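Enquirer: predicted model and sequence below, questions to follow.
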Amino acid sequence: MRQPGRGARLDYTMNKASSRTVAIQTHGCKLNQADSEALAQRFIKAGYLVVDRTAGADVIVVNSCTVTATADAKARQALRSARRANGDAVVVATGCYAERADSDIARLEEVSLVVGNTGKEDLVRLVSRALADREQEPPPELGSIAGDGPGIDELPLSQGRNRAMVKIQEGCNQVCAYCIVPKVRGRERSIPIAGIVERVRKAVDRGCREVVLTGTQLGSYGFDLDGADLPALIRSVLAETDVARLRVSSLQPQEISRELLELWENPRLMPHFHIPLQCGSDRILRLMRRRYDTARFAQAVELVRRRIPDAGITTDLIVGFPGEGEAEFGESRDFARRQAFSDMHIFPYSSRPGTSAAYLKEQAPAASKKARAAEMAQISQEGFRAFRLGQLGNTRPVLWESARGRDEAPVWTGLTDNYVRVTTQDRRDLGNLVTPAELRELTGAQVACRVL
């Protein structure tokens, strides 16, 4: 068997004594990915076999998202599909949708258990009890597993072969008008630096070349700890671990400063910045209760580009927020085009029960939101192509992830440091290696390159 650092898939199903299998589906953000990794570790410690496919699994866990009505619908669809895949399985709804609408989900006949975010520490125990009840057996003794699920202090190993999601904090205190996250994730809490450093070390020991620091509000990390903030955390991880690539998942524009960007002089810190814009109209930003205006946002983008010229800058953007007329949408569209993002995630506004925006007047018609999303998508595509065309001829470090095809020279796919998806055809085993590669041709959404 190859060593994990050379590309072997990390095997999370090596407990051959296990007779019960669990499949975990993850919806939504990187924070949910980190939670799913934690759940996988809890199940493994309890003697379960973690599998990729839902068909035939004894337990199917859907770790849900609820940021939009579409996310809710996808969760319900996944729960129903899980039941169809295995009529005898214990089907568990967890995550943010389960936290927000537990009683609604409990009425779905396909669902066996509903466990919100606040109850995830008991999820393995509850599942084991449900299986025991079904089989008319006494509940198994879980020992240290019981009550020790993926809480804020739990730092499990990653499921991934190449990349680990490391949760550094949980919750949000900002309470933007449209956002349900504070209600389903709670108030901000930070994980101590020492625990995060240890988590990164374990990920590296298991072969992960890249670690992504994730959370709901990364820029305010450490406000509740003595002597800790995001720069201190980054310095500690770089100084005290051998992680090859460290990535910060998201930053607010008001959190980006010259002092913070000085850290990116270290080549192990990846030059990619996800900076949520949400809207390019100052009037709508005020209605959203965002803590910046377009001038501050543009200043942050300019600061990044001046200090880190080839950095990828991606964003989130909402269209059709209540009160967004043609004038405000035009401002947002033109501002987004001027920022020339390397990619944009575009969301038609979705009213979330329990948020203040749900009570605002001037709710936009669905057809209008759809048309505006399509117009923004065109701008996103323009920026996407322009950024990648501008990278052609450059040499970037690439983390190679996987290959397809069984020929002598399979096609490998990987990710550059500045978040460009690339491919190459190479007969060598590139799996989980970081190599320099010359970017040569844009083909669809990927860049063909040559490994140097």
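Expert: Arrived safely. Residues are numbered from 1 along each chain as shown.
Enquirer: show me which residues of stretch 95-112 are buried.
Expert: By 16 or more other CB atoms under 10 Å, the buried positions in stretch 95-112 come out as 95-101, 105, 110-112. (Glycine included, C-beta is placed from N, CA and C.)
Enquirer: low-confidence ranges in the stretch 51-200 of the chain?
Expert: Applying pLDDT under 70 to the stretch 51-200 of the chain flags the ranges 136-161.
Enquirer: break down it into its helices, ranges please.
Expert: 69-85, 96-100, 102-106, 123-135, 181-185, 193-205 (DSSP state H, counting those that start in this stretch).
Enquirer: name the helices or strands packed onto the fourth one?
Expert: In terms of contacts (3 or more CB pairs under 8 Å, 6 or more residues apart in numbering; DSSP states H and E), helix 123-135 is packed against helix 30-45, strand 59-64, strand 90-95, strand 113-116.
Enquirer: may I have it exported as CSV, CA atoms only?
Expert: Output in CSV follows, covering the C-alpha atoms of helix 123-135 (Å, rounded to 0.1, in the frame of the first residue of the first chain):
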residue,chain,number,x,y,z
LEU,A,123,-25.7,12.1,17.3
VAL,A,124,-23.7,8.8,17.4
ARG,A,125,-25.3,7.8,20.7
LEU,A,126,-28.8,8.5,19.3
VAL,A,127,-28.1,6.6,16.1
SER,A,128,-26.7,3.6,18.1
ARG,A,129,-29.8,3.6,20.3
ALA,A,130,-32.1,3.7,17.3
LEU,A,131,-30.3,0.7,15.7
ALA,A,132,-30.5,-1.2,19.0
ASP,A,133,-34.2,-0.4,19.3
ARG,A,134,-34.8,-1.6,15.8
GLU,A,135,-33.0,-4.8,16.4
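Enquirer: just the angle for it relative to strand 90-95, thanks.
Expert: Going by axes from the mean of the first three to the mean of the last three CA atoms, to 10 degrees, helix 123-135 is angled at 160 degrees with respect to strand 90-95.
Enquirer: work out the gap between helix 123-135 and the centre of the chain.
Expert: Chain-centre distance of helix 123-135: 29 Å, with CA atoms, centre = their mean, to the nearest Å.
Enquirer: if we can go back for a sec, next, format the helices and strands packed on helix 123-135 as JSON lines and append distance to R53.
Expert: Shown next, in JSON lines, are those (distance: least, CB to CB, whole Å):
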{"stretch": "helix 30-45", "distance to R53": "15"}
{"stretch": "strand 59-64", "distance to R53": "10"}
{"stretch": "strand 90-95", "distance to R53": "15"}
{"stretch": "strand 113-116", "distance to R53": "20"}
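Enquirer: right, and these - which one's nearest L317?
Expert: Closest approach to L317 among the helices and strands packed on helix 123-135 (CB to CB): helix 30-45, 18.3 Å.
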